[in-house]
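> kindly generate the corresponding structure for this input.
(one chain, ligands or ions: 1)
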Amino acid sequence: MTGASTGMCAATARELARRGFHVLAGVRRDSDATPLRADRIEPVILDITDPDHVTALAARVERDPLPLRALVNNAGVPGAGPVEVMPLHEWRRIFEVNLFGHVAVTQALLPALLRGRGRVVNISSLNGRISMAGYGPYAASKFAMEAMSDALRNELAPHGVQVVVVEPGGVKTEMSRVGLAALGRLDDTMTPEQNERYGALMQAIPSHVAAFTRAGVTSTVAAKRIAAAVTDRRPRTRYTIGATAAFLVRASRILPDRMLDRMTTSDLRRHYPTGNRRRLTAAR
Ligand SMILES: NC(=O)c1ccc[n+]([C@@H]2O[C@H](COP(=O)([O-])OP(=O)(O)OC[C@H]3O[C@@H](n4cnc5c(N)ncnc54)[C@H](OP(=O)(O)O)[C@@H]3O)[C@@H](O)[C@H]2O)c1
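From the prediction side, this is the model:
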């Protein structure tokens, strides 16, 4: 699994070890390896955007006499901010982790997964199904992961490898703190015109993220769901995490775009600074 230093993947590593699996837990720093190391949890240094790390992981897996049961592509970075404002190099960095890194790890481990008739579990997001103002770069990377997963599922089904997508709603992890720090830096780069266009939205996002996370489930709850996606004998193609994700993913399948727009906009509007709440409405 990738991105096991914190959050739902650290919890999933412990849950899978408890169920008797030997877990290779990817972390980027030695300091994150030490607290994770335990019976049946073996930390491996893995930055999924570093080709040397990915090659070393594949070599470690090849040396193992046990079959590879599953790859959990979990590592992720947040990416909130208006489409216009997010610099292109940041768009690329977000995709480098949230999409291309996972493609690289999947390609490297596919020979072992095919031999072991294993499973790929891709951790997407509610934002892999619903995009909204202020979340474009992150949602775009997760929509891309969903599309990649659909293709991979159909390509590998005849060869005995299953591909499963997990779509969490809010989960109480480090991600919101990391995301809000990045949003603050982005805010500082806005021109006066951009500030006029997006200032209120930029103020609404932290409050929206905080409320979303506060209403979310714990990493332990998320871990049990991810562990089910890894171990269910006949897995579904997609698992949601949390009631909000279950409801909104279902709604996204049946509601017309304009109605979804109204839902996401009114949800955001509650977090606008007073006096700016009409701005989003006026824009529709
Ligand atoms: N929390 C939520 O509400 C939520 C909702 C929907 C989807 N998700 C998704 O769930 C997954 C797990 O997120 P989380 O909430 O558990 O957040 P988290 O605690 O911030 O965990 C993210 C993990 O990704 C790792 N990572 C970042 N860049 C990496 C890279 N280049 N190579 C390898 N690892 C990297 C981080 O490592 P470092 O510690 O080294 O940075 C960390 O271990 C993500 O894909 C996220 O998009 C989260």
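
> just the helices in the stretch 1-150 of the chain please.
7-18, 30-36, 51-63, 88-95, 102-116, 136-156 (DSSP state H, counting those that start in this stretch).

> contacts for the third one, please.
Counting by Cβ atoms under 8 Å, 6 or more residues apart in numbering, helix 51-63 makes contact with 24, 26, 44-48, 68, 104-105, 108-109, 111-112, all of which sit outside it. C-beta here means a position set from N, CA and C on the backbone, and glycine is covered the same way.

> show me the shaky parts of the stretch 1-150 of the chain.
Across the stretch 1-150 of the chain, no stretch falls below the confidence threshold (pLDDT under 70).

> mind listing what's buried in stretch 55-66?
When neighbours are counted by 16 or more other Cβ atoms under 10 Å, the buried residues of stretch 55-66 are found to be 57-58, 61.

> right, I mislabeled it, should have said stretch 29-49
Of the residues in stretch 29-49, those buried (16+ other Cβ under 10 Å) are 32-33, 36, 41, 43-48.

> re earlier: I'd like the helices of the stretch 1-150 of the chain as JSON lines, with distance to the ligand appended.
Listed next are these as JSON lines, based on distance: least, Cβ to the nearest ligand atom, whole Å:
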{"stretch": "helix 7-18", "distance to the ligand": "2"}
{"stretch": "helix 30-36", "distance to the ligand": "6"}
{"stretch": "helix 51-63", "distance to the ligand": "8"}
{"stretch": "helix 88-95", "distance to the ligand": "9"}
{"stretch": "helix 102-116", "distance to the ligand": "9"}
{"stretch": "helix 136-156", "distance to the ligand": "7"}
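
> among the ones you listed, show me which one is buried the most.
The densest packing among the helices of the stretch 1-150 of the chain, expressed as mean neighbour count by mean count of other Cβ atoms under 10 Å, is seen in helix 7-18 with a mean of 24.

> tell me how many other residues crowd the residue lying closest to T231 once chain neighbours are set aside.
Distances taken as Cβ to Cβ, 6 or more residues apart in numbering place R19 nearest to T231, at 6.8 Å, with adjacent residues excluded. Close neighbours of R19, defined as other Cβ atoms under 10 Å, add up to 12.

> same question for T218.
Neighbourhood size, T218 [other Cβ under 10 Å]: 12.

> got a pLDDT number for it?
In the predicted model, T218 carries a pLDDT score of 98.

> so what's it up against?
Contact criterion Cβ under 8 Å, 6+ apart gives 171-172 as the residues in contact with T218.

> look up phi and psi at it.
T218 adopts backbone torsions of phi -80, psi 160, taken as degrees, to the nearest 10.

> for A182, same thing?
With angles defined as degrees, to the nearest 10, A182 shows backbone torsions of phi -70, psi -40.

> check the gap between it and L126 for me.
Separation of A182 from L126 (Cβ to Cβ, to the nearest Å) stands at 19 Å.

> more neighbours: which of the two?
In terms of neighbours (other Cβ under 10 Å), L126 is the more surrounded of A182 and L126; the figures are 24 against 17.

> contact partners for the more buried one?
By Cβ under 8 Å, 6+ apart, the residues touching L126 are 167-169, 240, 244-245, 248-249.

> if you set the cut-off to 6 Å instead, what comes out?
L126 makes contact with 167, 169, 245, 248, according to Cβ atoms under 6 Å, 6 or more residues apart in numbering.

> fine by me, we can end here.
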